[in-house]
Every structure is written in C-alpha cells, then in structure tokens.
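Asks: no letters, just coordinates:
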C-alpha cells in the first residue's frame, strides 16, 4: 500500500465484503479467479455490479459491472469501484484488461482486498491506476476471505 494513500474506511470494508460475497456467485473455473465488483456512487447507491463469468465464460467482474453503465455517466466522476481482487493489468482472454476499462471512465477511486498473485499473469493493475492519477486503496485485512473463495487455484 502506498503510504501517501489513505487507508480503507469502515464503509470501504462494508462494500468490499459485499463484493467478496458476490464473488461466491461465480461459476467455478480452474483457469480464472472468482471476483466480485460493485460500483457505488457518492451517495452510497449501487450503480452496477458484476462477478467473474456472470454473462460470459471470459467475463471479469469489473468488466461485467462497467458494461452495465455508460463510461461517460457523470455519476462515475465521484464513484468508487470495489473489487475483491486487484483489477487486472494484463489479460489472456480479451484484448483490454480491466485496468484499461477503468481508465476509460472517470472513476477516481478503486478499492480492492487482495493483490493478484502471479498464478495466471503478472498483475500491475494497481500500479497503472495510481500512475494514471487514480486513488487506489488496498485492504489486505480482507484478503484471506478472497483467498478462501479462490482456494481451489492456490494449491
């Protein structure tokens, strides 16, 4: 975590737990993480949500959530994207990783629980988002819950 970035709030932890609960809805896979994502507006209302493989076997959670709202929706300027796992920076199954999809919106703040381990790809999503000027908050206190959902991939 970047020492200059404020840590997660109680509200962040509540939404992250909801994203982790959503990740439990993912169809099983031996080739991809189970992830949940929730996009919340400044008033605390859910704008969209998604989970891995919800609509398509190659869907990532952030991708599914972002597909449900126009990338130029003005509410995104003050929204927070909560994801159980660090948004991907590299992707094998589709041309655009979730980090690029997020950067195509004005979403200013991204909060996640578990930094993606190098099981499938080396992930640099958090770093790329920070370099683009977005606020990125990692809440490792909830990472064990995400690892539990994905324990079948971790050996």
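Replies: Cool, the structure landed. Since the structure is predicted, the reported quantities are computational estimates derived from the model, not experimental observations. Residues are numbered from 1 along each chain as shown.
Asks: where does the protein have low pLDDT?
Replies: Counting by pLDDT under 70, the chain shows low-confidence ranges at 1-6, 117-122.
Asks: ranges for the helices of it?
Replies: With DSSP state H as the definition, the chain shows helices at residue ranges 10-23, 61-67, 98-103, 125-131, 143-149.
Asks: need these in JSON lines with mean neighbour count, can you?
Replies: Yep, even glycine has a C-beta here, placed from its N, CA and C like the rest. Conversion of the helices of the chain to JSON lines gives the following (neighbours: other C-beta atoms under 10 Å):
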{"stretch": "helix 10-23", "mean neighbour count": "19"}
{"stretch": "helix 61-67", "mean neighbour count": "25"}
{"stretch": "helix 98-103", "mean neighbour count": "22"}
{"stretch": "helix 125-131", "mean neighbour count": "18"}
{"stretch": "helix 143-149", "mean neighbour count": "17"}
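Asks: for residue 47, which of those is the nearest?
Replies: When those are ranked by proximity to residue 47, the top entry is helix 61-67, at 8.2 Å, counting by C-beta to C-beta.
Asks: center of this protein, which residue is that?
Replies: Averaging the C-alpha coordinates of the chain gives a centre point, and the residue nearest to it by C-alpha atoms, centre = their mean is residue 83 (2.8 Å).
Asks: pretty sure that one contacts residue 39?
Replies: No. Using C-beta atoms under 8 Å, residue 83 is not in contact with residue 39, being 9.6 Å away.
Asks: strands of the protein, start to end?
Replies: Counting by DSSP state E, residue ranges of the strands within the chain are 36-40, 46-51, 80-85, 109-114, 135-138.
Asks: what residues are up against residue 102?
Replies: Contact criterion C-beta atoms under 8 Å, 6 or more residues apart in numbering gives 62, 66, 81, 87, 110, 129, 134 as the residues in contact with residue 102.
Asks: kindly recompute the last result at 7 Å.
Replies: Contact criterion C-beta atoms under 7 Å, 6 or more residues apart in numbering gives 62, 81, 87, 110, 129 as the residues in contact with residue 102.
Asks: once you drop chain neighbours, what's closest to the last one?
Replies: Computed as C-beta to C-beta, 6 or more residues apart in numbering, the closest residue to residue 129 that is not its neighbour in sequence is residue 136, at 5.0 Å.
Asks: thinking the one you found is in contact with residue 108, fair?
Replies: No. Residue 136 is not in contact with residue 108 according to C-beta atoms under 7 Å; the separation is 10.2 Å.
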